[in-house]
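Participant: Dropping the sequence and predicted coords here.
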Amino acid sequence: MDTNLQHKKIELIQWLSTLEDHSLIDKLMKLRKKEKSGWWDEISIEEQKSIEKGIQDANEGKLTSHVNVRKIYEKWL
């Protein structure tokens, strides 16, 4: 592991251990949670449903080839 990165981690741990500011700790916890949640939890319900519909269509073989899509939309490309 990069020693500079390791040094930064130790410095952060030391700093965190001295914190008394509850609002700052809460902000850091929210940041940590956000980092762990991933992109799926960040998109809207409509976007999730659209992606799930696309996966369902693909699983059912309801696909259009790239070649056919290019033919349909070539005047805009």
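Facilitator: Thanks, I have the structure now.

Participant: Only alpha carbons, please: show whichever strand or helix holds Ala58 as CSV.
Facilitator: Per DSSP states H and E, Ala58 falls inside helix 45-59. Extracted C-alpha coordinates of helix 45-59, given in CSV (Å, rounded to 0.1, in the frame of the first residue of the first chain):
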residue,chain,number,x,y,z
ILE,A,45,-37.8,5.4,-8.5
GLU,A,46,-38.7,6.1,-12.2
GLU,A,47,-35.1,5.5,-13.3
GLN,A,48,-35.0,2.2,-11.2
LYS,A,49,-38.2,1.0,-12.9
SER,A,50,-37.0,1.9,-16.3
ILE,A,51,-33.8,-0.1,-15.8
GLU,A,52,-35.7,-3.0,-14.4
LYS,A,53,-38.0,-2.9,-17.4
GLY,A,54,-35.0,-2.9,-19.7
ILE,A,55,-33.5,-5.9,-18.0
GLN,A,56,-36.9,-7.7,-18.2
ASP,A,57,-37.2,-6.9,-21.9
ALA,A,58,-33.6,-8.2,-22.5
ASN,A,59,-34.3,-11.4,-20.5
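
Participant: Tell me the helix or strand right after it.
Facilitator: Moving toward the C-terminus from helix 45-59, the next helix or strand (DSSP H and E) is helix 66-73.

Participant: ok so, going back, how far out from the middle of the chain is the helix holding Ala58?
Facilitator: Helix 45-59 sits 17 Å away from the centroid of its parent chain (C-alpha atoms, centre = their mean, to the nearest Å).

Participant: repeat for stretch 56-64
Facilitator: With C-alpha atoms, centre = their mean as the basis, the mean position of stretch 56-64 lies at 25 Å from the chain mean.
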